[in-house]
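Chemist: take this sequence and fold it.
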Amino acid sequence: MKTALVAGGAGFIGSFLCELLLEKGYKVFAIDNLVTGKRENIEDLLKNRNFNWIEHDITAPLHMNVSCDEIYNLASPASPVDFEKMPDFILKTSAVGHLNLLNWAKIHSAKILLASTSEVYGDPLEHPQNESYYGNVNCVGIRGCYDEGKRFAEALSMAYKRRYGVNIRIARIFNTYGPRMRPEDGRVIPNFFTQSLNGQPLTIYGDGKQTRSLCYVTDLVQGLFSLMQSEIETPTNVGNPDEYTILDIGKNVSLACGVEFRTKSFPLPENDPKQRRPDISKAQRELEWQPKVSLREGLASTLEFFKRSQNK
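Modeler: The predicted structure is shown next:
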């Protein structure tokens, strides 16, 4: 039986990854400080004898009497509302937290996957974004704590690979959605569902013509798992290449909720990406992976989650 450690295991993506690993016969240790993760995301997993829960902040050294075959680092607040509330903590998590996990991987000869982000491309001047693109990032802007934190974590991973031979993986995750997103997350899908279900107009920043590419969470975690099983030690885009404007996403959410499409406009936030679409040809070619869940199907599942959340 293989053993995996999932940092951020009680988070939105992390909890789905824990489920997938358990389905594949792994023994799983989930670590989370519950800053943005929620215990309810893993409540059902606690019944599984192969699932182990540890409340811990990875910026502090981790002392465990077990070794792991694989480490997945998904630990970091990642939404715009977090960038203003806890920028120093986000930077510390990407730097000190990832350093602690890299040292753990070094000691135990474990493979380690960094959940990086499409935010390393900033507000891109190239479209779609290929892994060879260096990005257009404002390091002193509001989003800089997350963008630069992940860029540093990528560089740190490569440094440990080159100097110590640590077996690394780097996944650049694009916009992901699905059940277990925080309603107060501040990103487009939680905002639109919360507003639609409350009978409110949808918040549109700028003209709404900026684009996003939305990947359903179960597709995403399968991509992360496939990358971990591969021999690819360079950054790899993981996301859905289907591109929609913010206005189109709003119309689709309104349609899913069965409400009239109404909007209210606000200025575009600083450095908010104007366009975002991954070039996933590397993942398609080398991992034989690509998303399968359609936007319509994914929104339907996400709607049911937000309905249940409102009724609690």
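
Chemist: for Leu220, see how far away Asp147 is.
Modeler: 20 Å (Cβ to Cβ, to the nearest Å). Backbone N, C-alpha and C define where each C-beta goes, glycine included.

Chemist: what's the answer for Glu297, then?
Modeler: From Glu297 over to Leu220 the distance is 14 Å, taken as Cβ to Cβ.

Chemist: of these two, who's got more company?
Modeler: Leu220 (26 against 11; other Cβ atoms under 10 Å).

Chemist: what secondary structure does that one sit in?
Modeler: Using DSSP: H, G, I helix; E, B strand; the rest coil, the three-state assignment for Leu220 comes out as helix.

Chemist: distance of it relative to Leu268?
Modeler: Separation of Leu220 from Leu268 (Cβ to Cβ): 26 Å.

Chemist: I'd say Tyr164 and Lys106 touch.
Modeler: Yes: with contact defined as Cβ atoms under 8 Å, Tyr164 and Lys106 form a contacting pair (5.3 Å).

Chemist: so between those two, which is more surrounded?
Modeler: Between Tyr164 and Lys106, Lys106 has the larger neighbour count (other Cβ under 10 Å), namely 16 against 11.

Chemist: quick one: residues contacting the more buried one.
Modeler: Taking Cβ atoms under 8 Å, 6 or more residues apart in numbering as the contact definition, Lys106 lies against 160, 164, 166.

Chemist: in the helix or strand where it lies, what counts as buried?
Modeler: When secondary structure is defined by DSSP states H and E, Lys106 falls within helix 98-108. By neighbour count, with 16 or more other Cβ atoms under 10 Å as the criterion, the buried positions of helix 98-108 are 98-102, 104-106, 108.

Chemist: and stretch 30-40, how far apart are its ends?
Modeler: For stretch 30-40, the separation between the terminal residues is 13 Å (Cα to Cα, to the nearest Å).

Chemist: the strands in this protein, which residues?
Modeler: Taking DSSP state E as the test, the strands found in the chain are 3-7, 27-32, 51-55, 70-73, 111-117, 168-173, 176-177, 202-205, 211-213, 215-216, 236-238, 243-245, 263-266.

Chemist: can you redo these as CSV with distance to Gln310?
Modeler: As requested, those are exported to CSV (distance: least, Cβ to Cβ, whole Å):
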stretch, distance to Gln310
strand 3-7, 28
strand 27-32, 24
strand 51-55, 27
strand 70-73, 31
strand 111-117, 29
strand 168-173, 27
strand 176-177, 17
strand 202-205, 16
strand 211-213, 24
strand 215-216, 21
strand 236-238, 30
strand 243-245, 25
strand 263-266, 20
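
Chemist: nearest to Ser281, of those strands?
Modeler: Proximity to Ser281 (Cβ to Cβ) singles out strand 236-238 among those, at 8.7 Å.

Chemist: who are the packing partners of the closest one?
Modeler: Judged by 3 or more Cβ pairs under 8 Å, 6 or more residues apart in numbering; DSSP states H and E, strand 236-238 is in contact with strand 168-173, helix 217-229, helix 281-286.

Chemist: pLDDT at Lys312, what is it?
Modeler: Model confidence at Lys312, given as pLDDT, is 68.

Chemist: that should have said Leu102, apologies.
Modeler: Confidence per residue is given as pLDDT, and for Leu102 that number is 97.

Chemist: tabulate the CA atom coordinates of stretch 289-309 in PDB.
Modeler: Output of stretch 289-309 as PDB, limited to C-alpha atoms (Å, rounded to 0.1, in the frame of the first residue of the first chain):
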ATOM      1  CA  TRP A 289      -4.900  13.600 -19.600                       C
ATOM      2  CA  GLN A 290      -7.600  16.200 -20.500                       C
ATOM      3  CA  PRO A 291     -10.800  17.400 -18.800                       C
ATOM      4  CA  LYS A 292     -14.000  15.400 -19.400                       C
ATOM      5  CA  VAL A 293     -16.700  17.200 -17.400                       C
ATOM      6  CA  SER A 294     -18.600  19.800 -19.400                       C
ATOM      7  CA  LEU A 295     -19.400  23.200 -18.000                       C
ATOM      8  CA  ARG A 296     -23.100  22.500 -17.900                       C
ATOM      9  CA  GLU A 297     -22.600  19.200 -16.000                       C
ATOM     10  CA  GLY A 298     -20.100  20.800 -13.600                       C
ATOM     11  CA  LEU A 299     -22.300  23.800 -12.900                       C
ATOM     12  CA  ALA A 300     -25.200  21.500 -12.100                       C
ATOM     13  CA  SER A 301     -23.200  19.600  -9.500                       C
ATOM     14  CA  THR A 302     -21.900  22.900  -8.000                       C
ATOM     15  CA  LEU A 303     -25.400  24.400  -7.800                       C
ATOM     16  CA  GLU A 304     -26.600  21.500  -5.600                       C
ATOM     17  CA  PHE A 305     -23.700  22.100  -3.200                       C
ATOM     18  CA  PHE A 306     -24.500  25.800  -2.900                       C
ATOM     19  CA  LYS A 307     -28.100  25.100  -2.400                       C
ATOM     20  CA  ARG A 308     -27.300  22.700   0.500                       C
ATOM     21  CA  SER A 309     -24.900  25.200   1.900                       C
END
